[in-house]
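> Show me the folded form of this:
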Amino acid sequence: MKKIVITGATGFVGYHVAKKCVEKKIGEIFCLCRNTGQKRFLQKLPLKLVEGDLKSKSSLEKVLDGCEILFHVAADYRLWARNGNEIIEANVQGTENILEVAEKVGVKKIVYTSSVAAVGRPENVLREDWQKLDEINRKAWEKKVSGNETMDPTEHQLIGPYKKSKYLAELVARKFAQKGAPIVIVNPSTPIGSHDIKPTPTGKLILDFLNRQMPAYLETGLNLVDVQDVAEGHLLASEKGKIGERYILGNKNLMLKEIFQILEEITGIPAPKLRIPYWIAYSAGFLTTTFAQITGVPPKVPLDGVKMAREIMFYNPSKAVQELGMAQNDIKKSLEESVKFFKDYGYVK
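As a prediction, this is how the structure comes out:
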């Protein structure tokens, strides 16, 4: 039986990758976990939890010995840290360490989970009034503003330690692939769905809506994708992905107002009508982030999150759909799954 190793399985995407591997019965599953990791849901799956740390190459050697397929999903996904270098070090050095060890022990296939944070988008594109576009012009506009696998981010687009860390870590993965390592890179966009335990920044947005803590919004654009499709995309990448190439695992481009409108349809909670000017959001982000640096308590409005929201983060996922056969489930159903999880597990006040 194949030995499959997954890092980051206590996280949102990693959990679903582990669950999908179990469902597909692709081998014996080993999940590398820190002793501080949230194992509540993982422990219910028929797999083995192995304690280890991406900082320790010796612990990685023990876990990866005999491994055929490695899914390196682990990442520090925060929009704020008192010391931003912590995020960069965890994501870049952790990736370097595990790829070095994987090369040393002879892992046969590696799927590295990057992010659309490491994918560029067209610059200097006008923000058209999307609400006035008909379906044909909307598609043309989306195509004009969307990033794809051929694009690297500009310095302007690498906002904050998280985005910088994911791009630098992907460069590490590309370097290993160029030297012959059997690495396929996947770039999830904005996953949504059940078991967003922490939750992620996007999950927090949905949760704030459910708790009626979203009186107003800052307009932005996101590419949403069902987390189960992302998990399936990882397995497809291990089977069909081309070594050294990257695949955007995404689905539907939506403006934030449209996301809230769908949530209103699902829940009956009114979508926020008031759109905040950028300068007000920036001021709030600056003040709360400055206060957070003093107290160490994460800010309610991270400044980097505000800066990111000024961008329209649309992406074209057609390569993964056409070359890997990645499914694209109905985003409304994905949001329903997210809402149900937060309600069922006591997140909604």
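
> what comes into contact with the lowest-mean-pLDDT helix or strand in the chain?
Between all helices and strands in the chain, the lowest mean by mean pLDDT, DSSP states H and E belongs to helix 135-145, at a mean of 86. Residues outside helix 135-145 that contact it (CB atoms under 8 Å, 6 or more residues apart in numbering) are R121, P122, V125, E128, W130, L133, G221, N253, I312, F314, N316. Heads up, the C-betas are built off the backbone N, CA and C, glycines and all.

> For PyMOL, write a command that selects the buried ones of those residues.
Buried members of the contacts of helix 135-145, defined by 16 or more other CB atoms under 10 Å, are picked up in PyMOL with:
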select buried, resi 121+130+221+253+312+314+316
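
> Tell me which stretches of this structure form strands.
Per DSSP state E, the chain carries strands over the ranges 3-7, 28-33, 48-51, 69-72, 109-113, 183-188, 190-192, 216-217, 221-226, 246-249, 252-255, 274-275, 312-313.

> Serialize the ones you listed to JSON lines and add fields for distance to K164 and mean pLDDT.
Listed next are those as JSON lines, based on distance: least, CB to CB, whole Å; pLDDT from 0 to 100:
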{"stretch": "strand 3-7", "distance to K164": "20", "mean pLDDT": "98"}
{"stretch": "strand 28-33", "distance to K164": "24", "mean pLDDT": "94"}
{"stretch": "strand 48-51", "distance to K164": "29", "mean pLDDT": "92"}
{"stretch": "strand 69-72", "distance to K164": "18", "mean pLDDT": "98"}
{"stretch": "strand 109-113", "distance to K164": "17", "mean pLDDT": "98"}
{"stretch": "strand 183-188", "distance to K164": "15", "mean pLDDT": "99"}
{"stretch": "strand 190-192", "distance to K164": "18", "mean pLDDT": "98"}
{"stretch": "strand 216-217", "distance to K164": "26", "mean pLDDT": "92"}
{"stretch": "strand 221-226", "distance to K164": "20", "mean pLDDT": "97"}
{"stretch": "strand 246-249", "distance to K164": "17", "mean pLDDT": "99"}
{"stretch": "strand 252-255", "distance to K164": "24", "mean pLDDT": "96"}
{"stretch": "strand 274-275", "distance to K164": "29", "mean pLDDT": "93"}
{"stretch": "strand 312-313", "distance to K164": "16", "mean pLDDT": "92"}
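
> Tabulate these (a markdown table), appending distance to Q293.
Shown next, in a markdown table, are those (distance: least, CB to CB, whole Å):
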| stretch | distance to Q293 |
| --- | --- |
| strand 3-7 | 30 |
| strand 28-33 | 30 |
| strand 48-51 | 33 |
| strand 69-72 | 31 |
| strand 109-113 | 30 |
| strand 183-188 | 29 |
| strand 190-192 | 27 |
| strand 216-217 | 25 |
| strand 221-226 | 27 |
| strand 246-249 | 34 |
| strand 252-255 | 31 |
| strand 274-275 | 28 |
| strand 312-313 | 26 |
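
> Go through the ones you listed and pick out the most buried.
Most buried of the strands of the chain, by mean neighbour count (mean count of other CB atoms under 10 Å): strand 246-249, with a mean of 29.

> sorry, back to before: relative to strand 221-226, how tilted is the least confident helix or strand of the chain?
100 degrees (axes from the mean of the first three to the mean of the last three CA atoms, to 10 degrees).

> List the buried residues in stretch 300-320.
So, applying 16+ other CB under 10 Å, buried residues of stretch 300-320: 301-309, 311-317, 319-320.

> what's the offset of that stretch from the middle of its chain?
Distance, stretch centre to chain centre, for stretch 300-320: 11 Å (CA atoms, centre = their mean, to the nearest Å).

> So for it, first residue to last residue, what's the gap.
In stretch 300-320, first residue to last residue: 35 Å (CA to CA, to the nearest Å).

> do stretch 117-136 as well
28 Å.

> So what touches stretch 326-339?
192-194, 196, 203, 206, 210, 224-229, 232-233, 236, 247, 249, 251-252, 254, 259, 262-263, 265-267, 317, 320-321.

> Average pLDDT for it, rounded please.
Averaging pLDDT along stretch 326-339 gives 97.

> what about A81, distance to Y15?
To Y15, A81 is 22 Å away according to CB to CB, to the nearest Å.

> Run the chain-centre distance for stretch 188-201.
With CA atoms, centre = their mean, you get 7 Å for stretch 188-201.

> Repeat that for stretch 228-248.
For stretch 228-248, the distance to the chain centre is 14 Å (CA atoms, centre = their mean).

> quick one, helices of the stretch 201-349 of the chain?
Assigned by DSSP state H, counting those that start in this stretch, the stretch 201-349 of the chain shows helices spanning 201-210, 227-240, 256-267, 278-295, 303-309, 318-319, 331-344.

> low pLDDT regions in the stretch 101-250 of the chain?
124-128 (pLDDT under 70).

> mind redoing it with 90?
123-144, 219 (pLDDT under 90).

> How much space separates the residue nearest to L45 when sequence neighbours are not counted from L60?
Spatial nearest neighbour of L45, excluding adjacent residues (CB to CB, 6 or more residues apart in numbering): V22 at 5.3 Å. According to CB to CB, V22 stands 22 Å off from L60.
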